[in-house]
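Colleague: Can you look at this prediction? I've put the sequence above it.
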Amino acid sequence: MRLRGPAGQPIADHIAEVAAGLFYRDGVHAVGVDRVADTAGVTKRTIYRHFRSKDELIAASLRRAPRIRFPSAGTPADRVLGAFEMLEQFLSGSKYRGCPYIIYTAELTDPGHPARRLIETYIARRREWFRDRAAEAGAREPEAVAEELDLLFDGALASGAKRGNLVAAQTAKRMARMVLAAAAPARTPVAAA
């Protein structure tokens with residue numbers, strides 16, 4: 001018989017979700033495995049049966065951290081701006097205390113930590129998503145546009161926690177609109193007939 005969490009999910013998922021909430025709220029180093037076990041209603045042995053180390057538990061918890069879903073329909077520019085709208089909704093509809101990637105990175109200084117490698121993967125995917133949308137929109141330098149958009153996105157995530165309001169997301173969206181306009185392909189003048 002396999003153990004299940006309170007919502008019927010596999011126990012490993014339940015443990016990782018509990019850990020994600022604790023690590024996000026109180027910090028990776030401040031929360032020990034004992035506290036995760038107590039809060040999840042399991043034993044430490046159960047945790048170590050599913051996760052070989054606290055580092056693996058940290059990485060698993062990061063997979064369950066709140067994420068912003070990017071739009072999959074619309075023009076490339078609409079999708080990019082939609083990502084910033086999703087950011088705005090996320091900042092207004094959650095108990096946001098900062099970007100989990102920034103929080104975990106600040107605490108986990110070893111670049112080889114499994115959670116750090118996972119963060120690098122997630123950030124690279126986000127940048128690739130921006131690059132692909134920029135290329136689809138005909139941007140002259142999609143890599144540079146992706147860097148600019150990703151920096152705006154990351155900055156809004158960081159600033160959103162400090163300011164406690166949506167100004168960062170709204171400003172980032174306005175700036176993203178300017179980046180897209182500046183990156184648009186030059187229009188070829190139509191020859192007079």
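Modeller: Thanks, I have it.

Colleague: Helix, strand, or coil at the residue sitting nearest the centre point of the chain?
Modeller: Compute the mean C-alpha point of the chain, and by C-alpha atoms, centre = their mean the closest residue is R67, 4.9 Å away. Look at R67: counting by DSSP: H, G, I helix; E, B strand; the rest coil, its state is coil.

Colleague: How about R125?
Modeller: At R125, secondary structure determined by three-state DSSP is helix.

Colleague: number of nearby residues for P10?
Modeller: Other residues near P10 come to 13 when the count uses other C-beta atoms under 10 Å. In this view, the C-beta of every residue, glycine as well, is placed from N, C-alpha and C.

Colleague: Please read off the pLDDT at the residue lying closest to L152 once chain neighbours are set aside from the model.
Modeller: In space, and not counting its chain neighbours, L152 is closest to A172: 4.4 Å by C-beta to C-beta, 6 or more residues apart in numbering. Confidence at A172, expressed as pLDDT, is 92.

Colleague: and if you look at the one 4 residues further on?
Modeller: Model confidence at A176, given as pLDDT, is 95.

Colleague: For it, grab phi and psi.
Modeller: Taking degrees, to the nearest 10, you get phi -60, psi -40 for the backbone angles of A176.

Colleague: what does Q9 give?
Modeller: Dihedral angles (degrees, to the nearest 10) for Q9: phi -80, psi 160.

Colleague: Can you report how many residues lie near it?
Modeller: So Q9, with other C-beta under 10 Å, has 12 neighbours.
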